[in-house]
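J.: need a structure here:
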Amino acid sequence: MFGNNAPDSGNAELLAVGIESSGREDHRQRWLQPLLDGRRLAAALGRKVIEVHAPKTGKGSALAALLPGHDPAGVVCFGDDENDRSMFEYVSSLDIPHMCVGVSSLEVPAHLFDRCDVVVSGPQEAAAFLNEIVEWAGAGSNSLPH
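T.: Predicted coordinates:
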């Protein structure tokens, strides 16, 4: 499952607001907080973004709510930021075939990829690896891509 196409159950990440890396955090929070007040939403810092989501939820809980209704044959997830940790933890615990792929950069939080099966060195390598997975799945091969 890729992207954030989960039903609007309050469990999925709702919005990511791009921010300048040179901006001041207190200004961003002061600008964003009035928009969140009274809406049962929370803001958390990501790498170069402020992520807005339902409190105490993440991608892992969104997948846990979504997957049982779809009965997938397998799951592949890609992530590169703290908001992906719960997704890696959930997917790595599945009893169906799965693969967690970390997309590395200089800003990645410590130990983020502890549950990952593969770590690639950036978005271009992630895209190439995803293409390998698509080709492998289309060919019906029994051996996993490397």
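
J.: can we go C-alpha only for contacts and neighbour counts from here?
T.: Will do.

J.: Keeping just the C-alphas, turn the helix or strand encompassing residue 76 into PDB.
T.: Using DSSP states H and E, residue 76 sits in strand 75-79. Presented in PDB, the C-alpha positions along strand 75-79 are these (Å, rounded to 0.1, in the frame of the first residue of the first chain):
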ATOM      1  CA  VAL A  75       2.500  -5.200   1.900                       C
ATOM      2  CA  VAL A  76       5.400  -3.000   0.900                       C
ATOM      3  CA  CYS A  77       5.900   0.300   2.600                       C
ATOM      4  CA  PHE A  78       8.500   3.100   2.100                       C
ATOM      5  CA  GLY A  79       9.300   5.800   4.700                       C
END
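
J.: Given that strand, what are its sheet partners and their directions?
T.: Sheet pairing for strand 75-79, assigned by DSSP bridges, gives strand 98-103 (parallel).

J.: can you give me the helices in this structure?
T.: Along the chain, counting by DSSP state H, helices occupy 25-36, 59-66, 85-92, 123-139.

J.: Name the nearest residue to residue 84, ignoring sequence neighbours.
T.: Distances taken as Cα to Cα, 6 or more residues apart in numbering place residue 59 nearest to residue 84, at 6.5 Å, with adjacent residues excluded.

J.: Same check on residue 77?
T.: In space, residue 77 is closest to residue 100, 5.1 Å off (Cα to Cα, 6+ apart).

J.: Isn't the one you found up against residue 118?
T.: Yes - with contact defined as Cα atoms under 8 Å, residue 100 counts as touching residue 118 (6.6 Å).

J.: How is this protein divided into domains?
T.: Structural domains assigned to the chain are 13-53, 59-139, following automatic domain parsing.

J.: highest average neighbour count across the ones you listed?
T.: Highest mean neighbour count among the domains of the chain (mean count of other Cα atoms under 10 Å): domain 59-139, with a mean of 16.
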